[in-house]
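Engineer: Based on what follows, work out the 3D shape:
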Amino acid sequence: MFNILPLRKDLEVKLRKYGLRGKFEKQMSFLTKNPKYPSLNLELLEPRNRGIYSIRIDRQFRALLMFLSDRETIEIIAITNHYR
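Structural biologist: Numbers count the residues shown, from 1 in each chain. Sure, this is the predicted structure:
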């Protein structure tokens with residue numbers, strides 16, 4: 001089980017702007033219980049040594065995240081448009 005740090009204000013605004021709050025919460029629930037859940041599409045991004053992962057919020061949007069040093073805490077660092 002993982003803990004997710006509270007989102008920064010700018011990320012909260014982005015979720016509201018694009019109507020992603022419900023989808024985001026659902027994916028975070030899956031992530032905390034099982035990071036390998038199929039709909040998350042968890043992927044380690046290049047360069048791998050930075051430890052930045054991507055998960056799917058929906059077909060268009062992704063959340064970028066990092067596992068902190070304790071490996072049990074997750075920080076969401078960005079919400080991005082996947083097809084830009």
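
Engineer: which SS class is residue 54?
Structural biologist: strand (DSSP: H, G, I helix; E, B strand; the rest coil).

Engineer: And the pLDDT for residue 84?
Structural biologist: As predicted, residue 84 sits at a pLDDT of 61.

Engineer: I'd like the distance from stretch 20-30 to the chain centre, please.
Structural biologist: Centroid separation for stretch 20-30 versus its chain: 9 Å, with C-alpha atoms, centre = their mean, to the nearest Å.

Engineer: So residue 66 sits against residue 55, correct?
Structural biologist: No. Residue 66 is not in contact with residue 55 according to C-beta atoms under 8 Å; the separation is 11.7 Å. The way it works is simple: take the backbone N, C-alpha and C, and place the C-beta from them, glycine included.

Engineer: Those two: which is more packed in?
Structural biologist: residue 55 (22 against 15; other C-beta atoms under 10 Å).

Engineer: ok, what's across the strand from the most centrally placed residue in the chain?
Structural biologist: Of all residues in the chain, the one closest to the mean position by C-alpha atoms, centre = their mean is residue 63, 3.5 Å from it. Following DSSP bridges, residue 63 is listed with bridge partners residue 55, residue 79.

Engineer: Tell me the spacing between it and residue 19.
Structural biologist: 15 Å (C-beta to C-beta, to the nearest Å).

Engineer: Same question for residue 42.
Structural biologist: Counting by C-beta to C-beta, the gap from residue 42 to residue 19 is 23 Å.
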